[in-house]
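[1] Sharing a sequence plus its predicted fold:
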Amino acid sequence: MLRPAEIGDEGCHATHEYGDSFSTMTISRRKFFRGAGAGAAAGALAAATPSQLVAQTPKAPKAAGLPPVWGEDFLYQWSPPENVKRDLTPGPNIIRLSNSSDITNREGTDYDALFKTMRAAGWTACEAASAGWLARTMPDSEITEMKKQLKANDVYFYNIHCAGNIIAPGSEAEQWQRHIIDAIHAADACGCKMVLTHTGSMYPGRDTAHPLNWSKEAWEKSVNALKNICKATAGSKILVGIEPVNTEAINNPWAMKRLREDVGDSRIVCGLDITNMVNAGVAFRMTELMNTTFELLNGMIGYIHAKDFVWDGMLPGLNWAMNGTGNMDYEVFLAHISRMPDPIMYVEFLSSAEEYQQAQRNIRAIAEKIGVRIHGTQQPQQA
Amino acid sequence: MKKQLLMLGIIFTATVAMAATPDFSGTWARDNANSDPVPNQMYWMTRVAPAAPRPAAGTVLGAAPGAAPAAARAAGGGQRAPQLTLLTIHQDAGTLHVIDPQSTIHEYTLVGDGSPHTKPMDTGIQNAVVTAKLQADSLVIETTEPFGGMPGNVAAKIKEVWSLSPDGKTLTITTTRDIPARHQEYKEVYTRTEAQPGTICSDGCIVRK
């Protein structure tokens, strides 16, 4: 693909894009227009002044995808290369584990008992679900007691996990944006550092893929929704985590990074769930996807979801699997996470308390193997 | 004379050694009534019904690598009548060849000291370490491998103990599978048979002895 980036009197610089790589070359203006052909685009460019050309030319996005493995002339790039870089060097940070047994603000909650139960099961961080949390405003006295018990039991309350769809059709979008704004204020009130949401879907349900979720309209709606939220909460330090999800406009690390740039607010961070970004083409290239994601989103990851998956169907039937038993490279995953400041892993999407314990055993065993430290201890397995 | 005695001694010792270890050669039909269900060996799904068994590298039984799970085969085209589950085994002094129900050949080097051998897993990406030790009354196959055959998987340890009944007509394989999250143990019973692979199980899979 050839497009103008800058045209001066002596020639123009064009950017040649091929896959994931870019190179800049200088060609003469005459040659450029000949190369562009006699099409309308060339005509339009010829009619414009150089300064207008710069203004009209969109910034070239990098392709959202992993680089070729088997040569650029080979049709498929779905199988992994033989020698993937797997840096298992553990970072200095200790990972806290949390799970979907949320902290609650129900009246009369015994926070000491709640956090002791979490600790005893090996979970040293927790989050709240927004619908329940916002249903009742906690009195200051309860907030004080909750904070006291969090500290006493060394449990970290870090996030309000939000429901809703901030780009839903009609007036629902605004209602859900209001919900996120309320969650941010609630997080501020109780000393929680982050809220998590998605950019959503053009359908009412955010997890249902709408055909236009990857249109410019959906992108602009997503950006504007987040700008609204950030503007309404200006001055707050609460992070606004966005979880990239396959069914939504933001479904890969490149889009996540670009979203943050377009919203233009450093409070926008990634609530990273690698498995929610998996498509058939990368299902067996997870180590590379992780390496790329952690590199691209360095410094802008709020926390991490810990899941696993396998591909076991004729359609791209990716299904959730027990942590450490599927396509996720958990060694590389844990090594990356341990290099992040204050890392938190949220284990979710399992079916029973027993499965959460099993997941934790696998995660701790893999971490121990590569020297990554995990906060707290887990009770020994029952014989 | 001394040389002859030495040769006789060597032959005698070898014969005694051979006689002292079980010979699994033959064709074996799975006795479903006396066997435990084989748990899913490769995929551990957490939010959907588990798929049918699929073997890991060090595992003899189950579907062949890449074979569609039984449930998927039944649901899609090409439904088949149930067949006897047969194992065909050829054993010599140093090797055990096992042909599983999907005609996949598994080869084990039988080493008295149980020294490990590395073999690629079904995925072709990771390796399993296997030891197959023939003992006086059993064969013990131990395998250590990444659970799903992918990089960074949790380590799985599988131990199969093969033993023959005194009359040599029944083969019992007891398997234990351990990962940090779970311990599994199951038993499979096979009966010596003359049936050939592909035999239709028309009488409820009761093995005719």
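    Right, received. Where do you want to start? Numbers count the residues shown, from 1 in each chain, chains lettered A, B, ... in the order given.

[2] ok, which stretches of chain B are helices?
    B:2-19, B:70-75 (DSSP state H).

[3] So for the residue nearest in space to the middle of chain A, what's the pLDDT?
    Per Cα atoms, centre = their mean, the C-alpha nearest to the average position across chain A is that of A:L272, at 3.4 Å. Looking at A:L272, its pLDDT reads 98.

[4] For it, which residues count as its bridge partners?
    Counting by DSSP bridges, A:L272 is bridged to A:I304.

[5] Report the contact partners of it.
    By Cβ atoms under 8 Å, 6 or more residues apart in numbering or on different chains, the contact list for A:L272 reads A:243-244, A:293, A:297, A:301-305. Where you see a C-beta, it was placed from the backbone N, CA and C, and this is true even at glycine.

[6] got those residues as a markdown table, with distance to A:T233 columns?
    Shown next, in a markdown table, are the contacts of A:L272 (distance: Cβ to Cβ, whole Å):
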| residue | distance to A:T233 |
| --- | --- |
| A:E243 | 18 |
| A:P244 | 22 |
| A:T293 | 27 |
| A:L297 | 22 |
| A:I301 | 20 |
| A:G302 | 16 |
| A:Y303 | 19 |
| A:I304 | 24 |
| A:H305 | 24 |
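
[7] Now do the helix or strand hosting A:F333: distance to the chain's middle.
    Assigned by DSSP states H and E, A:F333 belongs to helix A:330-338. Centroid separation for helix A:330-338 versus its chain: 16 Å, with Cα atoms, centre = their mean, to the nearest Å.

[8] Okay, now the sheet partners of the helix or strand just after it, with direction.
    Using DSSP H and E, the helix or strand that directly follows helix A:330-338 along the chain is strand A:344-347. Applying DSSP bridges to the sheet, strand A:344-347 is found paired with strand A:96-99 (parallel), strand A:301-306 (parallel).

[9] relative to helix A:330-338, how tilted is the last one?
    Spelled out, it's strand A:301-306. Going by axes from the mean of the first three to the mean of the last three Cα atoms, to 10 degrees, strand A:301-306 is angled at 150 degrees with respect to helix A:330-338.

[10] just the CA coordinates of strand A:301-306, formatted as PDB?
    Extracted in PDB, the C-alpha atoms of strand A:301-306 (Å, rounded to 0.1, in the frame of the first residue of the first chain):
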ATOM      1  CA  ILE A 301      -2.100  -2.400  32.500                       C
ATOM      2  CA  GLY A 302      -4.300  -2.100  35.500                       C
ATOM      3  CA  TYR A 303      -4.500  -5.700  36.400                       C
ATOM      4  CA  ILE A 304      -4.800  -9.200  34.800                       C
ATOM      5  CA  HIS A 305      -7.500 -11.800  34.300                       C
ATOM      6  CA  ALA A 306      -6.200 -15.300  34.600                       C
END
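
[11] Check what contacts it and list those residues.
    In contact with strand A:301-306 (Cβ under 8 Å, 6+ apart) are residues A:97, A:158-159, A:194, A:196, A:239, A:241, A:243, A:269-276, A:294, A:323, A:333, A:337, A:340, A:343-348, A:359, A:363.

[12] Which PyMOL command selects the buried ones in the residues you listed?
    Buried residues among the contacts of strand A:301-306 (16 or more other Cβ atoms under 10 Å in any protein chain shown), as a PyMOL selection:
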select buried, chain A and resi 97+158+159+194+196+239+241+243+269+270+271+272+273+274+275+276+294+323+333+337+340+343+344+345+346+347+348+359+363
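
[13] ok, back up a step: need the strands paired with strand A:344-347 in CSV (columns: mean pLDDT and distance to A:G235).
    As requested, these are exported to CSV (pLDDT from 0 to 100; distance: least, Cβ to Cβ, whole Å):
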stretch, mean pLDDT, distance to A:G235
strand A:96-99, 97, 28
strand A:301-306, 97, 19
